[in-house]
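# Coordinates for the following, if possible.
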Amino acid sequence: MSSGPPTVEPHVERPGPVELRDPLVAREFKRASVWFGLALLVAGVIVLAQPLLLIIGGMIFAVFLDGGARLLGRFLPIRRGFRLLLTLLLGFGFVAWVGWFAGTTIAAQFEALRIVVTAQFDKLMETVSSLGLIPKGPPTNLGSQLLGSVGRLTSVVGSAIGAVTSVILMLVIGIFLAIEPRLYDRGIAWMLPVRHREQFYRIANHVGYTLRRLLLGRLLGMVFEGFFTGVLLWLVGVPMAALLGLITGILAFIPNIGAISSGILMVAVGFSAGPHQGFAAIIIYFAVQNIDGYLIIPYIARRTVDLAPAIVLAMQLLMGALFGILGILFADPILAAIKVTLMDLSHENAEKDGLSPEVVGDGASSP
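Residues are numbered from 1 along each chain as shown. Sure, this is the predicted structure:
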């Protein structure tokens, strides 16, 4: 019987708790990373709400510029840089003309509009108070509460200096993004895994296509509502028709809320001139809104993404409560981008599972 060294059984090394090659550890690590990332995302949105909205505003402005450059490219066979410069000149030139027109032609009407709306609001409160629907008292109390709510809503850009600074920052960000969009796309894609980069480029192109069509529809709606509202109000003798048309066109950029706000102003000014003008203002408001809502917007929606009005309004209320006036302005494009992204991901997952994309619903049209 030999007395040699004892035989050592071979030991099989197994992955430890920090070894990501273990499928269980890798799966749990991914789950923990997702929840931790969501927590950081929520905290970042809360803490960095204002700069994030400024960046989003710059991206939306970049979409405007890119859409204008692409549109000019259909008629002018020049380099994209020159088309982008021409778009900037035309855009700022139009804004300067509107500012000059408003400053020289209808600036005095702003004070008159404020007086008329205040007087009509006081009459409405007196009528409602006489019916016993609200306690009798100074009619300006409710108005002060409403104005206080609006003041809280617009706290993001609460000062004139802050508003101007925010606008300048959004314009600068938008111009830089529009000059070299591929540079920033590649920068974002570089932070993603290689296997997801092609998907990112595809979804980014689709989102950009959708936002260009969506913003084009908004611009067409603004021009249509502003022009025809001003002309029709002028024909029926409503005071300050040009100012009301300008306000209606500007507020048309904000679906639902903008139309309601401009309609209230329009009807108030109409009744200040007499019952005939007041009822005519109501008819004009509904006529213009129905033509825009049933002809222009559906035509644009067929080429982009169809957003349900109730969902858009809910998104505006949520964004307004969280982020103020900037949240209301950007709610529609943000919602469209989210829907297009989710629909594209759903279609790709359906194709991987061997299902027809129609099973997951109808999304936006492809570029």
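# element containing the nearest residue to Ala119 once chain neighbours are set aside, please.
Take Ala119 and drop its neighbours on the chain: the residue closest to it by Cβ to Cβ, 6 or more residues apart in numbering is Ser272, 6.9 Å away. Backbone N, C-alpha and C define where each C-beta goes, glycine included. Per DSSP states H and E, Ser272 falls inside helix 257-273.
# Could you give me the buried positions within the helix or strand following that helix?
Sequence order places helix 275-291 as the next helix or strand after helix 257-273, per DSSP H and E. Residues 277-278, 280-281, 284-285, 288-289 are the ones in helix 275-291 that count as buried (16 or more other Cβ atoms under 10 Å).
# Residues touching helix 275-291, excluding its own?
Applying Cβ atoms under 8 Å, 6 or more residues apart in numbering, the contact partners of helix 275-291 are 224-225, 228-229, 232-233, 236-238, 248, 259, 262-263, 266-267, 269-272.
# Output the contacting helices and strands for the helix holding Ser272.
helix 107-130, helix 194-235, helix 241-251, helix 275-291 (3 or more Cβ pairs under 8 Å, 6 or more residues apart in numbering; DSSP states H and E).
# in stretch 177-195, what counts as buried?
Those would be 177-179, 181, 185, 189, for stretch 177-195 by 16+ other Cβ under 10 Å.
# Which single one of these is nearest to Leu219?
Distance to Leu219, by Cβ to Cβ, is smallest for Ala178 among the buried residues of stretch 177-195, at 16.4 Å.
# can I assume Leu265 is in contact with Val117?
Yes - between Leu265 and Val117 there is a contact under Cβ atoms under 8 Å: 6.4 Å.
# more neighbours, those two?
Higher neighbour count among Leu265 and Val117: Leu265, with 22 against 16, using other Cβ atoms under 10 Å.
# which regions of the protein lie under the pLDDT threshold?
1-22, 25, 101-114, 128, 131-162, 297-306, 353-367 (pLDDT under 70).
# who are the neighbours in contact with the residue nearest to the spatial centre of it?
Centrality entry for the chain: nearest residue to the mean C-alpha point is Phe330, 2.4 Å, by Cα atoms, centre = their mean. Residues near Phe330 by Cβ under 8 Å, 6+ apart: 53, 56-57, 60, 319.
# What about the residues you listed, which one has the most neighbours?
Ranked by neighbour count (other Cβ under 10 Å), the contacts of Phe330 have Leu53 at the top, with 25 neighbours.
# element containing that one, please.
For Leu53, the host element (DSSP H and E) is helix 49-73.
# Could you do Gly237 as well?
Here Gly237 sits in a region with no helix or strand, counting by DSSP H and E.
# now Asp344
Using DSSP H and E, Asp344 falls in helix 325-352.
# now do Leu322
Leu322 is part of helix 309-323, with elements assigned from DSSP H and E.
# name the helices or strands packed onto that helix?
helix 49-73, helix 325-352.
# could you give the angle of the helix or strand Ser166 falls within to helix 325-352?
Using DSSP H and E, Ser166 falls within helix 160-179. Here the directions of helix 160-179 and helix 325-352 differ by 30 degrees (axes from the mean of the first three to the mean of the last three Cα atoms, to 10 degrees).
# what packs against helix 160-179?
Applying 3+ Cβ pairs under 8 Å, 6+ apart, we find helix 160-179 packed against helix 49-73, helix 80-104.
# Now do the last one: everything it contacts.
Same thing as helix 80-104. The contact list for helix 80-104, computed with Cβ under 8 Å, 6+ apart, reads 64-66, 68-69, 72-73, 76, 175, 178-179, 243, 246.
# Make sure Pro309 is actually in contact with Asn256.
Yes - using Cβ under 8 Å, Pro309 makes contact with Asn256 at a distance of 6.4 Å.
# So the two - more neighbours on which side?
Between Pro309 and Asn256, counted using other Cβ under 10 Å, Asn256 has the larger neighbour count: 17 against 11.
# Look up the closest residue to Gln277, ignoring the ones flanking it.
Gly270 (4.5 Å).
# re the thing from before, can you mark which positions in the helix holding Leu53 are buried?
49-50, 53-69, 72.
# Just put the buried residues of helix 275-291 in CSV and tack on distance to Leu24.
Converted to CSV, these look like this (distance: Cβ to Cβ, whole Å):
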residue, distance to Leu24
Gln277, 75
Gly278, 72
Ala280, 73
Ala281, 69
Ile284, 68
Tyr285, 63
Val288, 62
Gln289, 59
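# Show me which of those residues is closest to Asn349.
After measuring the buried residues of helix 275-291 against Asn349 - Cβ to Cβ - the closest member comes out as Gln289, at 38.7 Å.
# Look up how far Ile260 lies from the closest one.
Between Gln289 and Ile260 the computed distance is 10 Å (Cβ to Cβ, to the nearest Å).
# Likewise for Val42?
Separation of Val42 from Ile260 (Cβ to Cβ): 31 Å.
# Please identify which of the two sits among more neighbours.
Taking neighbours as other Cβ under 10 Å, Val42 and Ile260 compare with Ile260 leading, 14 against 10.
# quick one: that one from Gln316, how far?
Ile260 is 11 Å from Gln316, where distance means Cβ to Cβ.
# so the residue nearest to Gln277 sits right up against Val238, yeah?
Yes - the criterion here is Cβ under 8 Å, and Gly270 meets it with Val238 at 5.0 Å.
# neighbour count winner among these two?
Higher neighbour count among Gly270 and Val238: Gly270, with 29 against 26, using other Cβ under 10 Å.
# ok, the more buried one - contacts?
Shown in contact with Gly270 (Cβ under 8 Å, 6+ apart): 233, 238, 277-282.
# For those, work out which two are farthest apart.
Leu233 and Phe279 (12.6 Å).
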